[in-house]
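Colleague: coordinates for the following, if possible.
(one chain, ligands or ions: 1)
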Amino acid sequence: MSKPTAGGFTKTSNWLDWYEGPSKPRFKLPPGSVDAHCHVFGPGDKFPYAPERKYTPCDASAEQLFALRDYLGFERNVIVQATCHGADNSALVDALKKSNGKARGVGTVKRSVGDEELQSLHAAGVRGVRFNFVKRLVDFTPKDELMEIASRIAPLGWHVVIYFEAQDLPELWDFFTSLPTTVVVDHMGRPDVTKPVDGPEFELFMKFMREHDNVWSKVSCPERLSVSGPAARDGERNAYRDVVPFARKIVETFPDRVLWGTDWPHPNLKDHMPDDGLLVDFIPHIATTAELQKKLLVDNPMRLYWSE
Ligand code: 0GY
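Modeller: Okay, here's the model as predicted:
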């Protein structure tokens, strides 16, 4: 059944709603695991979608996110401000407050943000800001404005999350490498997984991480990057297998600088909505030992988001 968008909003046409009734993962998450990339949407009657948004989703509330967290076996969430809420972080802050300390946040702020607002976001649990370079999601923000924001949030101990597509990394390189904070890349910089894992495009991303030890990567979103898709093979729950070599290479090369998240409620997917249980079962294919799994799911996110 189609999910609602409250508050008189109309969903973007052909919007895919998040998946009701995901399967139980076979992979048992280590105790204290963190879903380090997920969102809340609205509900639109309480937290209206931003006028400048590029899509209107179905609602996806904090309560629904926390129910998924418990069902899959996570203990905590890092909730990332979605572009459909622009720079109004109220839905995010509300979710953080409802989480009883079990969620931290990544917000979106403008150059005009006041010190008091930054302090109140920090008190609510925000620990980073997101700079988005994906053109279908946001209008361009000048780099000097972003750099000014980065220098404002750095003293708070926050980091910058960047979202971009692989072909744009060369042009963005100088800006990214001059950021004064820890830098967390969403979804491995969106590699084209039909290209070789040791080819020049992905090698540039590896170099970005290798030469800059302040750069971390979320090894998330196989469902967005995969061409082979969700079909299980050989009776195994090994969906999205074309993404495995890319994510595994990052996890094995930089085990202390990787994070993982479901990306629930999966904005803007076009061909299928993933079963979140199947996504959790992707993890042991990319982090193949208990030690790597604990770093990815517990130690790294705890160090970045809950150290104070
Ligand atoms: C993601 C990916 C997407 C959307 C957003 O904030 C957003 O709207 O992040 C996307 O459309 O690729 O990480 O959720």
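Colleague: make it CA atoms for all contacts and neighbour counts henceforth
Modeller: Noted.
Colleague: burial count for residue 259?
Modeller: The number of residues packed near residue 259 is 28, by other C-alpha atoms under 10 Å.
Colleague: how many other residues sit next to the residue lying closest to it once chain neighbours are set aside?
Modeller: The spatial neighbour of residue 259 that comes closest, neighbours along the chain excluded (C-alpha to C-alpha, 6 or more residues apart in numbering), is residue 218 at 4.6 Å. The criterion is other C-alpha under 10 Å. On that basis, residue 218 has 23 neighbouring residues.
Colleague: check residue 218 and give its pLDDT.
Modeller: What the model reports as pLDDT for residue 218 is 98.
Colleague: just checking, it touches residue 263?
Modeller: No. Under the criterion of C-alpha atoms under 8 Å, residue 218 lies out of contact with residue 263, with a separation of 10.5 Å.
Colleague: show residues contacting stretch 170-177.
Modeller: By C-alpha atoms under 8 Å, 6 or more residues apart in numbering, the residues outside stretch 170-177 that reach it are 143, 183, 212.
Colleague: give the rounded mean pLDDT of that stretch.
Modeller: Stretch 170-177 shows a mean pLDDT of 98 in the predicted model.
Colleague: got the CA coordinates for it in CSV?
Modeller: Output in CSV follows, covering the C-alpha atoms of stretch 170-177 (Å, rounded to 0.1, in the frame of the first residue of the first chain):
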residue,chain,number,x,y,z
PRO,A,170,39.0,15.6,-9.9
GLU,A,171,37.3,19.0,-10.0
LEU,A,172,36.4,18.9,-6.3
TRP,A,173,39.8,17.6,-5.1
ASP,A,174,41.4,20.9,-4.1
PHE,A,175,38.4,21.9,-2.1
PHE,A,176,38.0,18.6,-0.3
THR,A,177,41.7,18.4,0.5
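Colleague: out of the contacts of stretch 170-177, which is most surrounded?
Modeller: The member of the contacts of stretch 170-177 that has the most neighbours, counting by other C-alpha under 10 Å, is residue 183 with 24 neighbours.
Colleague: show me the beta-bridge partners of that residue.
Modeller: The residues listed as beta-bridge partners of residue 183 by DSSP bridges are residue 160, residue 215.
Colleague: how far away is residue 264 from residue 303?
Modeller: According to C-alpha to C-alpha, to the nearest Å, residue 264 and residue 303 sit 22 Å apart.
Colleague: kindly apply the preceding question to residue 153 instead.
Modeller: From residue 153 across to residue 303, the span is 18 Å (C-alpha to C-alpha).
Colleague: now do residue 79
Modeller: Using C-alpha to C-alpha, residue 79 is found at 16 Å from residue 303.
Colleague: those two: which is more packed in?
Modeller: The neighbour count for residue 79 versus residue 303, taken as other C-alpha under 10 Å, is higher for residue 79 (28 against 12).
Colleague: so that one sits in a helix?
Modeller: No. Under DSSP: H, G, I helix; E, B strand; the rest coil, residue 79 falls outside any helix and is assigned strand.
Colleague: contact partners for it?
Modeller: 36-40, 92, 96, 103-106.
Colleague: which ones among those map onto helices?
Modeller: Of these, the ones assigned to helices by DSSP state H are 92, 96.
Colleague: may I see the contacts of residue 79 arranged in a markdown table, with distance to the ligand, neighbour count and pLDDT as well?
Modeller: Below are the contacts of residue 79 laid out as a markdown table (distance: C-alpha to the nearest ligand atom, whole Å; neighbours: other C-alpha atoms under 10 Å; pLDDT from 0 to 100):
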| residue | distance to the ligand | neighbour count | pLDDT |
| --- | --- | --- | --- |
| 36 | 11 | 29 | 99 |
| 37 | 7 | 23 | 98 |
| 38 | 7 | 21 | 98 |
| 39 | 7 | 28 | 98 |
| 40 | 10 | 23 | 98 |
| 92 | 12 | 31 | 98 |
| 96 | 17 | 24 | 98 |
| 103 | 17 | 26 | 98 |
| 104 | 16 | 26 | 98 |
| 105 | 13 | 28 | 98 |
| 106 | 11 | 27 | 98 |
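Colleague: so which of the contacts of residue 79 are in strands?
Modeller: 36-38, 103-106 (DSSP state E).
Colleague: contact partners for the residue in the stretch 201-308 of the chain positioned nearest to the ligand?
Modeller: Of the residues in the stretch 201-308 of the chain, the one nearest the ligand is residue 268, at a distance of 4.8 Å by C-alpha to the nearest ligand atom. Each residue near residue 268 by C-alpha under 8 Å, 6+ apart is listed here: 15-16, 55.
Colleague: redo that, cut-off 7 Å
Modeller: Residue 268 sits next to residue 15 when contact means C-alpha atoms under 7 Å, 6 or more residues apart in numbering.
Colleague: against residue 214, how distant is it?
Modeller: As for residue 268, its distance to residue 214 is 29 Å (criterion: C-alpha to C-alpha).
Colleague: just residue 308 next, same as before
Modeller: Computed as C-alpha to C-alpha, the residue 308 to residue 214 distance reads 19 Å.
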